[in-house]
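Novice: Quick one: sequence plus predicted model below, questions after.
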Amino acid sequence: QLQLVESGGGLVQAGGSLRLSCAASGRTFSDYGMGWFRQAPGKERATVATITGTGSASFYVDSVKGRFTISRDNAKNTMYLQMNSLQPEDTAVYFCAADYAPWNNQPNNDPRKYDFWGQGTQVTVSS
């Protein structure tokens, strides 16, 4: 079992920044591809950004490219999402998740393939 705990959400004005963290415990962190996903009210959970176990490859949904940066520190068992130039449409509950895939050289972008999930952290961007 891999436990994931998100932190760093909050309320920010449009144009502002937040950094989310996802702390992992219980398994070898580098064996897991990781991802950030978000769910807005009335909408399905959607992929935001994903990263391989080594951090060598990442993916971003088009709407966040150039504004968000996903990263990980395997020595600290932690993944991050730096969010800049936030917009009201970024408002959602953000979840981190883990995908057991030590062999992947590209991240998995399908949330259905992710095995472990955090509890989520709310991000609210006011206009």
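Specialist: Yep, that arrived. What you are looking at is a predicted structure, and each value in this text was computed from that prediction instead of being measured.

Novice: buried stuff in stretch 73-89?
Specialist: Using 16 or more other Cβ atoms under 10 Å as the test for burial, stretch 73-89 gives 74, 77-81, 83, 86. To be clear about C-beta, it is placed using only N, CA and C from the backbone, and glycine gets the same treatment.

Novice: Endpoints of that stretch, how far apart?
Specialist: From its first residue to its last, stretch 73-89 covers 28 Å (Cα to Cα, to the nearest Å).

Novice: from memory Leu11 sits against Ser126, does it?
Specialist: Yes: using Cβ atoms under 8 Å, Leu11 is in contact with Ser126, at 6.6 Å.

Novice: The most centrally placed residue in the chain bridge partners, please.
Specialist: With distances taken as Cα atoms, centre = their mean, the chain has Trp36 as the residue nearest its mean C-alpha position (2.0 Å). For Trp36, the beta-bridge partners are Ala49, Cys96 (DSSP bridges).

Novice: Gln3 too?
Specialist: Beta-bridge partners, per DSSP bridges, of Gln3: Ser25.

Novice: pLDDT value on Asn104, please?
Specialist: You'll see Asn104 listed with a pLDDT of 86.

Novice: Just list the residues touching it, thanks.
Specialist: 33, 52-53 (Cβ atoms under 8 Å, 6 or more residues apart in numbering).

Novice: what's near enough to touch the residue nearest to the centre of the chain?
Specialist: Counting by Cβ under 8 Å, 6+ apart, Trp36 touches 20, 22, 47-50, 70, 79, 81, 94-96.

Novice: Compute the distance between Gly66 and Phe116, please.
Specialist: Gly66 is 29 Å from Phe116, where distance means Cβ to Cβ, to the nearest Å.

Novice: Kindly report the same for Ala14.
Specialist: 32 Å.

Novice: do Thr69 as well
Specialist: From Thr69 across to Phe116, the span is 23 Å (Cβ to Cβ).
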